[in-house]
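Enquirer: okay, structure incoming, though there's no sequence with it:
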């Protein structure tokens, strides 16, 4: 009788361990999928930016430095995005991506602020369409980031809570980094609008 009870306890512990491991794998795959959704939208954004710059270049001949800064920021962000896509759970690459995306957003903001001084550019149909597509893409990125951060939070909770943290530690499940806003005070400051 004692042997049966012992085997039943061992079987229950084994079933629990398998279930906890499978849940951790499922949650890890969910946050990786969440990052893949962000990656799709970021690639769309990166593809729109050169078209936007080329459209603006014809009107903003004296703003070469700003246009080049946008392209440089886009290239840095694209490289950071590729590194983060390779391992979205790594803290360092996610932080680098957030910083690169913050710099790109700042460069785009400066471009749009300068575009205000060029009425012909603002009225250009191609520029209006690209701006609308970029705005739509930015909204999709924001929703995808929220879904990613929710999935990371669920995963991190499972990694850190007892008793699943025993399985997480045994099988090297590490906490993942959430995408956060940039820490650069200058980039967080609201732009001045003057009429």
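Expert: Yes, it's here. If you're wondering where the values come from, they're calculated on a predicted model, not measured in any experiment.

Enquirer: if I look at residue 153, how far off is residue 95?
Expert: For residue 153, the distance to residue 95 equals 17 Å [C-beta to C-beta, to the nearest Å]. For glycine as for every other residue, the C-beta is placed from the backbone atoms N, C-alpha and C.

Enquirer: these two: who's more crowded?
Expert: Using other C-beta atoms under 10 Å, the more surrounded residue of residue 153 and residue 95 is residue 95, with 17 against 14.

Enquirer: test my guess that the more buried one contacts residue 176.
Expert: No. Using C-beta atoms under 8 Å, residue 95 is not in contact with residue 176, being 11.9 Å away.

Enquirer: what is the least confident helix or strand in this structure?
Expert: Lowest mean confidence among the helices and strands of the chain (mean pLDDT, DSSP states H and E): helix 185-188, at a mean of 47.

Enquirer: ok, longest helix in this structure?
Expert: With secondary structure taken from DSSP state H, the chain has its longest helix at helix 2-59.

Enquirer: C-terminal to that helix, what's the next element?
Expert: helix 64-86 (DSSP states H and E).

Enquirer: who does the helix or strand just after that following helix touch, helix- and strand-wise?
Expert: Counting by DSSP H and E, the next helix or strand C-terminal to helix 64-86 is helix 91-115. If you count contacts as 3 or more C-beta pairs under 8 Å, 6 or more residues apart in numbering; DSSP states H and E, helix 91-115 packs onto helix 2-59, helix 64-86, helix 125-160, helix 185-188.

Enquirer: output those helices as a markdown table; include the columns distance to residue 106.
Expert: Formatted as a markdown table, the helices and strands packed on helix 91-115 follow (distance: least, C-beta to C-beta, whole Å):
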| stretch | distance to residue 106 |
| --- | --- |
| helix 2-59 | 13 |
| helix 64-86 | 8 |
| helix 125-160 | 14 |
| helix 185-188 | 5 |
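
Enquirer: and these, which one is worst for confidence?
Expert: Looking at the helices and strands packed on helix 91-115, the lowest mean pLDDT belongs to helix 185-188 (a mean of 47).

Enquirer: how far does the longest helix of the chain sit from the chain's center?
Expert: Relative to the chain's own centre, helix 2-59 is displaced by 13 Å; criterion: C-alpha atoms, centre = their mean, to the nearest Å.

Enquirer: between helix 91-115 and it, find me the angle.
Expert: 30 degrees (axes from the mean of the first three to the mean of the last three C-alpha atoms, to 10 degrees).

Enquirer: flag every buried residue along stretch 167-181.
Expert: By 16 or more other C-beta atoms under 10 Å, the buried positions in stretch 167-181 come out as 167-168, 173, 176-179.

Enquirer: kind regards, and thank you for your time.
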